[in-house]
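Peer 1: Need coordinates for the below:
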Amino acid sequence: MNAPRLYRRMFRFLRPYVLTLALTMTLSTVIVTLEGLSLWLSAPLIKTLFLPDSAPPAKPALSVHNAYPLLKYYTYAYLQRHDPATALRMVCLFMAMAFLAKNLISYAKGLIITRVNLDVERDLRNGVYRHALHMPVTYYDRNRSGNIMSLIVRDISAINSSMTGTVDKLILEPFRVVFFVVMLFAISVKLTLMVFVVLPVLAVLVWAIGTTVRRRSRRMLQTFSGLMAILHETMSGVRTVKMFNMELVEERTSTTESQRFVDRSFRAAAVSALGSPIIEALAVATAVILLWCGGQEVLSGRGLSPDDFLPFLLYVFSCFKPLKTLMGVNTTLQTGFAAADRVYALLDTPPEHISAVPAGPGPELRDAITVDHVTFSYPACDEVVLHDISFTVPRGEVVALVGASGSGKSTILDLLPRFYEVGQGRIAIDGQDVRQMDLSRLRRFFGTVAQETTLFNDTVYNNIAYGAPQASEEQVVACAKAANAWEFIEHLPQGLRTQIGEQGALLSGGQRQRLAIARALLRNPPVLILDEATSALDTESERLVQGAINTLMANRTVVVVAHRLSTIRHANCILVLDNGRIVERGTHDELMAASGRYRTLHDLQFAAA
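Peer 2: Okay, the predicted model is just below:
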């Protein structure tokens, strides 16, 4: 994306603060004016002190062309109305007051910019996080969580710095340059034009350095994303790391990626740092040339007077400071552009369109869920995962999916709430295609209990009430009791208010499952999805969890993926999948009598038992 378009998009986040920024621009104008006046008084003061008897310049005619001579005349006339000591005292007092006012205004402006900076970063981070939450599951399949975290943390900070850290300078420093250049032209057009000889060279250098900084900053941010991904995966899988004694291997991997990040950061910083010495060198070269040419004019008496040459040199040197600042601004902007490229790649990816969840009871399943000739492949994958799948889940019945790993069971479960879009065929609820349903309404049909339970680093109460914040404590307790979870909750140190750690790390597997069942009970969905909810539990935990599941399944429509076939003996229909196809269907007794794939799986499982 080109820089002007990026800049416009980035600065949309500043719109709510346009009045505040206008105030900072006004304060910046006052600061520059005070600086310029302080410099302007230097030459008349010197002449008043050391040549007190010299005649003031003749008063020029009143016209635009005589603006500089008129300003010079009135300044000298005012100072020479007083004796040198009084004039010195007045100028010193003015300069002291001017610099005091300048610093107070600069402090106030800095506080305003800091507040805007924090607010804009908050808005940026909230906006990107909000968009990321609404991305489809396919986006998370393609992107590592560490990369998304890096976008929300580091890239947002880089964008914010490039906006709030430069918007003031982009107004203040050019204004400084314009102010000083106008004064230079007013003093000597010929010498000022000599200064402009270096501007094309400066422009080329700024462009070259900025392009390189943007490219290297992009690489640096990509490396940081990789580092974040490694750290996140290692910390979330720390038990596996320790079980396999992989601490040293993970340490080496992290160290290597950290070093790569340092190297790329250094390369970007090395190019960024070129700006200051280059401008310094150009400033010195220009000053030497001007000193020689202007000094020749002063000595010959044919051009500048000494009291004009001094402020001219002061304004020349004053020009180079804002130019150095603008070089730094360009570097900061290019770093921000590199981050914005990555962030807008996320923001430009269409999100899922989900409306606000309405209050009140959820929808009811009146008839059936129909899966009609569905064929499916995962995005960016040519392999067909499901082949012409068709079945019906009538209201109030239990349909079980069985088969070997990779046969397509979990894929079917993901298609029901539209985590993925159906490729061919359709899925309908009460005759309505799920692709035509609002996602928030569609997903209220379902409650899920999976083998890998997702819990949050929060209290027991908030984990059960997740998705039902309006629930009362009595309802939460009732669901916990129905899920056989109350018997361990009441013995926790703080009961329902106990923090359970990341992913419920302070609870056992069976306890985590029962919390998930309590959460599903509280949601009270018309359709329940069970994805091998008891396959990883010991016998006692399975007994408790299965009892809770039986409570949860009562008077509900259920789609269940089962590893232990004993748990689905009473299902109304069992679908046997193999390589993405339904190869058998029927009740337990029917399938056992058919002596097909289901009978083979059943006999193998119970023979192993």
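Peer 1: Going by C-alpha atoms from here, please, whenever you check contacts or count neighbours.
Peer 2: Will do.
Peer 1: can you give me the strands for the stretch 451-600 of the chain?
Peer 2: 527-531, 557-561, 573-578, 581-586 (DSSP state E, counting those that start in this stretch).
Peer 1: Could you say which of the ones you listed is packed most deeply?
Peer 2: strand 557-561 (a mean of 25; mean count of other Cα atoms under 10 Å).
Peer 1: for that one, what is the average pLDDT?
Peer 2: For strand 557-561, mean pLDDT rounds to 89.
Peer 1: helices and strands around it, which ones?
Peer 2: Packing partners of strand 557-561 (3 or more Cα pairs under 8 Å, 6 or more residues apart in numbering; DSSP states H and E): strand 384-394, strand 398-403, strand 527-531.
Peer 1: try it again with 10 Å
Peer 2: Applying 3 or more Cα pairs under 10 Å, 6 or more residues apart in numbering; DSSP states H and E, one finds that strand 557-561 contacts strand 384-394, strand 398-403, helix 409-415, strand 446-450, strand 527-531, strand 573-578.
Peer 1: The fifth one pairs with which strands, parallel or anti?
Peer 2: Pointing back at strand 527-531 there. strand 446-450 (parallel), strand 557-561 (parallel) (DSSP bridges).
Peer 1: okay, the last one in PDB with CA atoms only?
Peer 2: Taking C-alpha atoms only, strand 557-561 is exported to PDB below (Å, rounded to 0.1, in the frame of the first residue of the first chain):
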ATOM      1  CA  THR A 557     -31.300 -33.000  20.300                       C
ATOM      2  CA  VAL A 558     -27.800 -34.300  20.400                       C
ATOM      3  CA  VAL A 559     -25.000 -34.800  17.900                       C
ATOM      4  CA  VAL A 560     -22.200 -36.800  19.600                       C
ATOM      5  CA  VAL A 561     -18.800 -38.000  18.400                       C
END
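Peer 1: how much distance is there from it to the middle of the chain?
Peer 2: Mean-position distance between strand 557-561 and its chain equals 38 Å (Cα atoms, centre = their mean, to the nearest Å).
Peer 1: Determine the three-state secondary structure at the spatially most central residue of the chain.
Peer 2: Computing the C-alpha centroid of the chain and ranking residues by Cα atoms, centre = their mean puts Ile152 first, at 2.5 Å. Assigned state for Ile152: helix (three-state reduction, DSSP: H, G, I helix; E, B strand; the rest coil).
Peer 1: Now for it: which residues touch it?
Peer 2: Leu124, Arg125, Asn126, Gly127, Val128, Tyr129, Ala132, Gly146, Val343 (Cα atoms under 10 Å, 6 or more residues apart in numbering).
Peer 1: nearest to Val181, of the helices and strands packed on strand 557-561?
Peer 2: Proximity to Val181 (Cα to Cα) singles out helix 409-415 among the helices and strands packed on strand 557-561, at 66.4 Å.
Peer 1: The next helix or strand after the closest one packs against which elements?
Peer 2: Sequence-wise, the next helix or strand downstream of helix 409-415 (DSSP states H and E) is strand 424-429. Identification of packing neighbours for strand 424-429 by 3+ Cα pairs under 10 Å, 6+ apart yields strand 368-377, strand 384-394, strand 432-433.
Peer 1: how near is Thr211 to Leu170?
Peer 2: Noted for Thr211: a distance of 19 Å to Leu170, by Cα to Cα, to the nearest Å.
Peer 1: thinking again about what came up before, got the strands of the stretch 451-600 of the chain as TSV, with distance to Ile278 columns?
Peer 2: As requested, the strands of the stretch 451-600 of the chain are exported to TSV (distance: least, Cα to Cα, whole Å):
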stretch	distance to Ile278
strand 527-531	65
strand 557-561	68
strand 573-578	69
strand 581-586	69
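Peer 1: Out of these, the one nearest Val249 is which?
Peer 2: By Cα to Cα (comparing all of the strands of the stretch 451-600 of the chain), the closest turns out to be strand 527-531, at 33.8 Å.
Peer 1: which residues touch the nearest residue to Ile159 once chain neighbours are set aside?
Peer 2: Excluding the flanking residues, the one nearest Ile159 by Cα to Cα, 6 or more residues apart in numbering is Gly336, at 4.4 Å. By Cα under 10 Å, 6+ apart, the contact list for Gly336 reads 6-7, 10, 155-163, 214, 217-218, 330.
Peer 1: Could you single out the nearest of the residues you listed to Asp263?
Peer 2: Set against Asp263, the nearest of those by Cα to Cα is Ser217 (11.5 Å).
Peer 1: for the protein, what's the longest helix?
Peer 2: The residue-count maximum for a helix in the chain (DSSP state H) belongs to helix 84-133.
Peer 1: follow-up on the earlier one: from the helices and strands packed on strand 424-429, which stretch is densest packed?
Peer 2: Comparing the helices and strands packed on strand 424-429 by mean neighbour count (mean count of other Cα under 10 Å), strand 368-377 ranks first with a mean of 19.
Peer 1: mind putting the contacts of Ile152 in a markdown table, neighbour count included?
Peer 2: Formatted as a markdown table, the contacts of Ile152 follow (neighbours: other Cα atoms under 10 Å):
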| residue | neighbour count |
| --- | --- |
| Leu124 | 20 |
| Arg125 | 20 |
| Asn126 | 13 |
| Gly127 | 14 |
| Val128 | 19 |
| Tyr129 | 18 |
| Ala132 | 18 |
| Gly146 | 19 |
| Val343 | 19 |
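Peer 1: By pLDDT, rank those residues and give me the bottom one.
Peer 2: Among these, Gly146 carries the weakest pLDDT, at 76.
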